[in-house]
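Engineer: kindly return the folded structure for what I paste below:
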Amino acid sequence: MPACSSSPIPPGLGQLVGVAPPSSGEIAGLFALLAAVPDPRCRRGCRHPLVFVVALAACAVLAGACSLAAIAEWAADAPPDLLIRLGGSGREPDTGPAAPAEATVRSVLQRIDGDALDAAIGTWLAGRSRGGAAAQPAALEPVVKRQAHISRVASVTAAWKDWAVLS
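Structural biologist: Residues are numbered from 1 along each chain as shown. Below is the predicted model of the structure:
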C-alpha cells in the first residue's frame, strides 16, 4: 500500500472554491514584483528570465509535480501559449518558446533568495487582500490573521492554477 502524500498542495487546492481568480492587472503586478527579486545567476548566458522560471515551477507544482525533474518534465510538455503567457521566448524567431532545462530549474530554485521571493509574493497577496474589511475585536485577531493568511495562500494558488491548466 503506497504511503500518503505529505504535500499540502491537494488540500490547498480545495480552498480555491469560491476564490475569485486574479485579474490580468493583478497578474501583471505579481510579475512586476517577482521581477524585483534578485536573480542568483550570472547575467551572461541566461536564456530564461527569473520570473518565467519561477512562474513555470509554481504552475508545475500546482499541477502535481513533486520534484525538480517532474517540474522540468511538466515544463517541457507545457503548451507554447502557456509558455508565452508566463514570459517565455524562443531563441530563434521561427521557433516557439522553449522551456528551461532541469539544470536551470534546479539552479534557480536552489539559489533564489527565499526572503526576497517571500516578500514579493507577500506584498502581492497583501494588496489583493485589501478590500475594506471591518475592524475585528482584539480577541478575534489571531483567528482573523490565520484566516487572512489562508485567504492569501488561496489567492496566489488560484493565480498559478489558472496558468497550470493544460489544454
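Engineer: use CA for all of it now, contacts and neighbours both
Structural biologist: Fine.
Engineer: contacting residues around stretch 84-97?
Structural biologist: Arg47, His48, Pro49, Val51, Phe52, Ala55, Leu56, Pro80, Leu83, Ala98, Ala99 (Cα atoms under 8 Å, 6 or more residues apart in numbering).
Engineer: output it as PDB, restricted to C-alpha atoms.
Structural biologist: Only the C-alpha atoms of stretch 84-97 are listed here, as PDB (Å, rounded to 0.1, in the frame of the first residue of the first chain):
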ATOM      1  CA  ILE A  84       4.300  32.700 -23.800                       C
ATOM      2  CA  ARG A  85       1.800  33.900 -21.200                       C
ATOM      3  CA  LEU A  86       4.400  33.200 -18.500                       C
ATOM      4  CA  GLY A  87       7.100  35.200 -20.300                       C
ATOM      5  CA  GLY A  88       8.900  32.600 -22.300                       C
ATOM      6  CA  SER A  89      10.600  33.400 -25.500                       C
ATOM      7  CA  GLY A  90      12.200  31.400 -28.300                       C
ATOM      8  CA  ARG A  91      15.900  31.700 -29.200                       C
ATOM      9  CA  GLU A  92      15.100  31.800 -32.900                       C
ATOM     10  CA  PRO A  93      12.300  33.900 -34.400                       C
ATOM     11  CA  ASP A  94      10.700  31.000 -36.200                       C
ATOM     12  CA  THR A  95      10.500  28.700 -33.200                       C
ATOM     13  CA  GLY A  96       8.200  28.800 -30.300                       C
ATOM     14  CA  PRO A  97       9.200  29.500 -26.700                       C
END
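Engineer: what comes up buried for it?
Structural biologist: Applying a neighbour-count criterion of 16 or more other Cα atoms under 10 Å, one finds Leu86, Gly87, Gly88, Ser89, Gly90, Gly96, Pro97 buried in stretch 84-97.
Engineer: do stretch 20-37 as well
Structural biologist: Buried, per 16+ other Cα under 10 Å, within stretch 20-37: Pro21, Pro22, Glu26, Ile27, Leu30, Phe31, Leu33, Leu34, Ala35, Val37.
Engineer: what sits against the fifth one?
Structural biologist: Taking Cα under 8 Å, 6+ apart as the definition of contact, the neighbours of Leu30 are Ala120, Ile121, Trp124.
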